[in-house]
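how would this look folded up:
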Amino acid sequence: MVGTLEKISNVLNKWFIWIGGFSLLLMIGIACANMLLRPFGSPLKGAYELVGFLGAMTVAFALGYAQITKSHIAVDILAIHYSKRTQRMVNGISSLFCIVFFVLVSWQSAVFATTILKRGETSETLRIIYHPFVYLVALCCLLLAFVLFIDLLKSLAPGKGEK
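Below you'll find the predicted structure:
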């Protein structure tokens, strides 16, 4: 079962990391174009807003992949001295707390997105409706919680040589 969930997670996160990478390229392109056009007196209108939206997408879409590849910062000064069983327990407890946290973040982000949707809020300069970006962040946090759930399941299984 864990293997199937892991395959689903890997496929989803590979798609998400490509979307995040594409938004990073767009963000770089907009920032560079804005810098090149500024000396000519015609900077891109709304560049700050677009870079903000794309930056949020870049970071959010990379969350799950970063967890899968363990690219996040981890401080394990004490944990490296624990037994394998204790390390699994600590990782499991940590994963459980992180799952709860990111499910709550996802839920509250969706609530916020629904609120701004109902209000009809748009960005200041370009008047872009931005609730879809907030919904995407909520989705990405939920995907991260899914990856953490798989990590939790893995930490519950005894490792080689353990009873």
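
Just the buried residues of the helix or strand harbouring L63, please?
Following DSSP states H and E, one finds L63 within helix 47-68. Neighbour-count burial for helix 47-68, counted by 16 or more other C-beta atoms under 10 Å, picks out 47-51, 53-54, 56-58, 60-68. In short, each C-beta sits where N, CA and C put it, glycine included.

ok, now stretch 6-17?
In stretch 6-17, counting by 16+ other C-beta under 10 Å, buried: 6, 9, 13, 16-17.

Redo these as CSV? Include pLDDT, distance to F97 and secondary structure.
What follows is those, written out as CSV (pLDDT from 0 to 100; distance: C-beta to C-beta, whole Å; DSSP: H, G, I helix; E, B strand; the rest coil):
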residue, pLDDT, distance to F97, secondary structure
E6, 94, 21, helix
S9, 95, 19, helix
N13, 96, 21, helix
F16, 97, 23, helix
I17, 97, 25, helix
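
between those, which is nearest V90?
Comparing the buried residues of stretch 6-17 against V90 with C-beta to C-beta places E6 closest, at 21.1 Å.

So which residue of this protein lies furthest out from the middle?
F40 (37.0 Å; C-alpha atoms, centre = their mean).

any idea how far it lies from A33?
F40 is 11 Å from A33, where distance means C-beta to C-beta, to the nearest Å.

ok, the residue farthest from the centre of the chain to V75 distance?
As judged by C-beta to C-beta, F40 and V75 stand 48 Å apart.

isn't G92 right up against L152?
Yes: between G92 and L152 there is a contact at 5.6 Å, judged by C-beta atoms under 8 Å.

contacting residues for N34?
If you count contacts by C-beta atoms under 8 Å, 6 or more residues apart in numbering, N34 has them with 43-44, 47.

now those in TSV, with pLDDT and distance to V103?
Formatted as TSV, the contacts of N34 follow (pLDDT from 0 to 100; distance: C-beta to C-beta, whole Å):
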residue	pLDDT	distance to V103
P43	88	40
L44	89	37
A47	92	34
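
Contact partners for the nearest residue to S123 once chain neighbours are set aside?
What sits nearest to S123 in space, not counting adjacent residues and going by C-beta to C-beta, 6 or more residues apart in numbering, is E49, at 4.7 Å. The contact partners of E49, taken as C-beta under 8 Å, 6+ apart, are 123-126, 128.

Then L26?
L26 sits next to 50, 54 when contact means C-beta under 8 Å, 6+ apart.

Could you point out which residue ranges in the chain have low pLDDT?
The chain contains residues with pLDDT under 70 at 159-163.
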